[in-house]
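Colleague: pasting the structure only:
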């Protein structure tokens, strides 16, 4: 789980600039359109859409933008046709990568991802090369100062969570995707604030990297996430907290 939680933590701490916010708007609008197209416009039955809209509200996206994106997805308004895709590859140190995209031009996306990987010491791999190394899970992070461990464990297990571990200053909770909403709701009802929560891909095992390789892995991850067609990047790296501090300096 280290690869996911460390990268999620890095992203969470990054300062949000106007440019980054604009990019975030574009990515989430694409996700809303695609979710509505594939699963319909109802929040009650379309969990993917509900999650995307929640993310949009977190970054203060105007309601009109959200409504228009849903209508474009359901066909009520004309719009660009987007296609979901996934790419598999490797980062330095043999770290496995899984990259999820939403694009209106698959050929362009393939070329740009291949170019990023080439420039950042990674490589593109064939379908099935790395996807099997990840499992879809609900993943919730709670700061240790927001709840007592025993109380928190009781709440989440009763709501259907699978496990909870302590990672640094946080509690990290994993759930089956079907139980994610129930666990999140149970926490909200108890007034427990979450730092983040999403249905994501968790690595089944990790690869330890350090030194220059660790820096290269993080640079590659950031470059991929900055590409406008990329929605999510998952990796199975394990970089120690000490190594993280060295890199951040």
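Modeller: Here it is on my side, so go on. Computed from a prediction, not measured in an experiment: that's the story for all the values here.
Colleague: Using the three-state scheme, assign residue 205.
Modeller: coil (DSSP: H, G, I helix; E, B strand; the rest coil).
Colleague: ok, it touching residue 134?
Modeller: No. Residue 205 is not in contact with residue 134 according to Cβ atoms under 8 Å; the separation is 10.0 Å. Every C-beta, even on glycine, is put in place using the N, C-alpha and C of the backbone.
Colleague: who touches both of these two?
Modeller: Common neighbours of residue 205 and residue 134 are listed as residue 236 (criterion: Cβ atoms under 8 Å, 6 or more residues apart in numbering).
Colleague: Which one's more surrounded, these two?
Modeller: Legend: neighbour count by other Cβ atoms under 10 Å for residue 205 and residue 134, higher for residue 134 (21 against 11).
Colleague: which residues pair with the more buried one across the strands?
Modeller: Note on residue 134: beta-bridge partners residue 203, judged by DSSP bridges.
Colleague: ok, it to residue 192 distance?
Modeller: 28 Å (Cβ to Cβ, to the nearest Å).
Colleague: Can you find the helix or strand in the protein with the smallest mean pLDDT?
Modeller: The least trusted helix or strand in the chain, going by mean pLDDT, DSSP states H and E, turns out to be helix 2-13, with a mean of 56.
Colleague: Using the record, which stretches count as separate domains in this structure?
Modeller: By the assignment in automatic domain parsing, the chain contains the domains 15-74, 84-132+206-244, 134-203.
Colleague: Rebuild these as TSV, extending it with mean pLDDT.
Modeller: Formatted as TSV, the domains of the chain follow (pLDDT from 0 to 100):
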stretch	mean pLDDT
domain 15-74	85
domain 84-132+206-244	93
domain 134-203	91
